[in-house]
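Q: model this:
(chains A, B, C and D)
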Protein chains: 2
Amino acid sequence: MKEVDSKKMWLEGYAVSEFLPHNTIDCVILGYGNHSLKVLVLKWKRGELWSLPGGYVLRSESFDQAATRILKQRTGLSSIFLKQFYTFSDPGRNRPKYSHETEIIKQILQNADLVNGDRDMDWFTKRFITTGYFALVNMQKTTPSPDFLSDRCEWKSLQEVPDLLADHNQLLQKALETLKIQLNYLPVGISLLPKRFTMKDLRLLYEAILKTNLERSNFQRKMLKLGILVRHEKQMTGAANKAPYLYSFDREKYAALIKKGTGFYFD
Amino acid sequence: MKEVDSKKMWLEGYAVSEFLPHNTIDCVILGYGNHSLKVLVLKWKRGELWSLPGGYVLRSESFDQAATRILKQRTGLSSIFLKQFYTFSDPGRNRPKYSHETEIIKQILQNADLVNGDRDMDWFTKRFITTGYFALVNMQKTTPSPDFLSDRCEWKSLQEVPDLLADHNQLLQKALETLKIQLNYLPVGISLLPKRFTMKDLRLLYEAILKTNLERSNFQRKMLKLGILVRHEKQMTGAANKAPYLYSFDREKYAALIKKGTGFYFD
DNA sequence: TCAAAAGTGTTTCCAATACACCCATGA
DNA sequence: TCATGGGTGTATTGGAAACACTTTTGA
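A: Next up, the predicted model:
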């Protein structure tokens, strides 16, 4: 293990001894496109093993800093909306669900010359408590890149999220639940949508989060009454119907409103 | 340190090596009495040092289990409402704010024959991440008892909470904020009030949590319409005015309502 | 001129608020 | 019978919801 530490060639350039021994961060990074919510997942280098982006926490940094660092590494984005939502501490949470998980990890690490025997595996197989963060990002602005354990980084819509490592599916569910409950206190629109969008885009986003249908005209009236939208000229879509207006957010008014909640309740 | 471990005479009977090295639990235990919210705090054995009840986490238990254990030890209660609210991870969060804090801890431990030199202090002074839980309890049912570091266990109303150890005042604030935001999804009434109570008791409880005044008659109508209250015979108070009805909760209906939220919004 | 989707208007209903009024109690 | 506080009723207001009607666009 000492030998591995001294190499400093892995874990994004850090050595094991620089990390807290039992705490990790995992990120549920959410984007919105094609009328559905999407989440960023990593595909591991061997086999069909998927996970949420995550990482270890340096002994010198806070969890917020660690999450920010991880997010930057995976998406290229800084200064995005990022929020802690829950800490998962079940003692068996990172025990492999299937025996091939252990095998895959072992192969990857051996392949990268990072472990020499079973003892080095101890770091990976011991108990880890993970603190979940969720991020809301504008997908168009991201440039996803895999980490040292993975070879692909993909946006998956919620329906097509595969079976994930450890309790990561649970993490995802909890994040979505939190998002739903705190919807009125979160800058969902401004974070997830491009600068200009139609009222339909905005409504579909809310419908995706709340998993419900919202009445078209009432939604429009409510939103406009909040006074945080700026209307721009229409956009000709080429479709055989009336073209929608484009809207953008008035950032200051938006921020002020978010602070005290939109009072915008659906049930 | 080995020697200390083998004694197993402290930390409520456990040895240091049985705990996770960097994680703790702290509990914001809330009760309600005399028209105000109260929180349970511990006074340390020397000097005027106060803290929230908390403890270390066994390597074999989940955080929920640890919190339940700690709560049981401090209040004598099991099966109470307990919920994780946030994980505090600032690297300097448990560095002493005042130099006398370190001294007090040292004295207490030496006095209890638990540490022999500065090296043994390492366990207490290193970085700890704490996960906060809040509990809602019926004060009358508790029998508060101090832990091995403290000599008193006291209910303090929020206005008289003293300066607390480390970031415990922040923990308290965050817990209260969470309570307020999630009010409609939490069993506040049933957890904090005695079996039978007046409508005024209930209203004052909500006012204490929300820090606002609620209109008397409208509050009553709203609450009754929820259909979770059972009205009992009046109670003669001895005061020169009309006696109020007593109410209790219909536990099944209460539980069903809490699940989907009361829809009982104040602003 | 038709279908499709966007924008606007209307009606109905219910909840929240404010406040008035009545009732019970013991001094 | 008076003061005090509890219980109930009512008028007003405003928003939510359902849905109808109009407008715009390209086929």
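Q: Spell out which strands sit alongside the helix or strand that contains A:Glu233 in the sheet and which way each one runs.
A: Under the criterion of DSSP states H and E, A:Glu233 resides in strand A:229-234. Here strand A:229-234 has these sheet partners by DSSP bridges: strand A:245-249 (antiparallel).
Q: Any idea how far the partner strand is from the middle of the chain?
A: From the chain centre to the centre of strand A:245-249 is a distance of 26 Å (CA atoms, centre = their mean, to the nearest Å).
Q: close to DNA strand D, is it?
A: No: using CB under 7 Å from any atom of the strand, strand A:245-249 stays clear of DNA strand D, coming no nearer than 10.3 Å. (C-beta placed from N, C-alpha, C; glycine too.)
Q: Restricting to C-alpha, output that strand in CSV.
A: C-alpha atoms of strand A:245-249 as CSV (Å, rounded to 0.1, in the frame of the first residue of the first chain):
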residue,chain,number,x,y,z
TYR,A,245,-42.7,33.2,-27.7
LEU,A,246,-39.2,32.7,-26.3
TYR,A,247,-38.6,33.6,-22.7
SER,A,248,-35.5,34.2,-20.5
PHE,A,249,-35.2,34.7,-16.8
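Q: The helix or strand that comes right after it: which residues count as buried?
A: Going down the chain from strand A:245-249, the next helix or strand is helix A:251-260, by DSSP H and E. Of all the residues in helix A:251-260, those buried under the rule 16 or more other CB atoms under 10 Å in any protein chain shown are A:Tyr254, A:Leu257, A:Ile258.
Q: again with stretch A:174-187
A: A:Lys174, A:Ala175, A:Leu176, A:Thr178, A:Leu179, A:Leu183, A:Asn184, A:Leu186.
Q: right, and the pair among the residues you listed with maximum separation?
A: A:Lys174 and A:Asn184 (18.7 Å; CB to CB).
Q: so is the residue in the stretch 101-250 of chain A that chain B sits nearest to in a helix, a strand, or just coil?
A: Across the stretch 101-250 of chain A, the shortest distance to chain B (CB to the nearest CB) belongs to A:Thr131, at 5.2 Å. Secondary structure of A:Thr131, reduced to three states by DSSP: H, G, I helix; E, B strand; the rest coil: strand.
Q: Flag every residue of chain A that's near DNA strand C.
A: A:198-200, A:216-218, A:220, A:234, A:239-245.
Q: Out of those residues, who's the most crowded?
A: Neighbour tally across these (other CB atoms under 10 Å in any protein chain shown): the maximum, 19 neighbours, falls on A:Met199.
Q: Please identify which helix or strand holds A:Tyr32.
A: Assigned by DSSP H and E, A:Tyr32 falls in strand A:19-33.
Q: Could you pull out the helices in the stretch 101-250 of chain A for me?
A: A:122-125, A:168-181, A:188-192, A:199-210, A:216-225 (DSSP state H, counting those that start in this stretch).
Q: Relative to DNA strand D, which of the ones you listed is closest?
A: helix A:216-225 (3.5 Å; CB to the nearest atom of the strand).
Q: contact partners of that closest one?
A: For helix A:216-225, the surrounding residues in contact (CB atoms under 8 Å, 6 or more residues apart in numbering or on different chains) are A:Met199, A:Leu202, A:Arg203, A:Tyr206, A:Leu229, A:Phe264.
Q: Look at the fourth one and say how many residues are nearby.
A: By that I understand A:Tyr206. 17.
Q: Wasn't A:Val39 part of a strand?
A: Yes: counting by three-state DSSP, A:Val39 is found in a strand.
Q: and the gap between A:Thr125 and A:Ser62?
A: Separation of A:Thr125 from A:Ser62 (CB to CB, to the nearest Å): 26 Å.
Q: So for these two, which residue has more residues nearby?
A: A:Ser62 (17 against 14).
Q: That one contacts B:Asp90, doesn't it?
A: Yes: between A:Ser62 and B:Asp90 there is a contact under CB atoms under 8 Å: 5.0 Å.
Q: beta partners of the spatially most central residue of chain A?
A: By CA atoms, centre = their mean, chain A has its centre lying nearest to A:Ile29, at 1.2 Å. Beta-bridge pairing for A:Ile29 (DSSP bridges): A:Ala135.
Q: Retrieve the pLDDT associated with the closest residue to DNA strand D within chain A.
A: In chain A, the residue that lies nearest DNA strand D is A:Lys242 (3.0 Å; CB to the nearest atom of the strand). pLDDT, A:Lys242: 89.
Q: Phi and psi next, for it.
A: phi -60, psi 140 (degrees, to the nearest 10).
Q: low-scoring stretches of chain A, by residue?
A: A:1-12, A:112-120, A:260-267 (pLDDT under 70).
Q: That'll do, ta.
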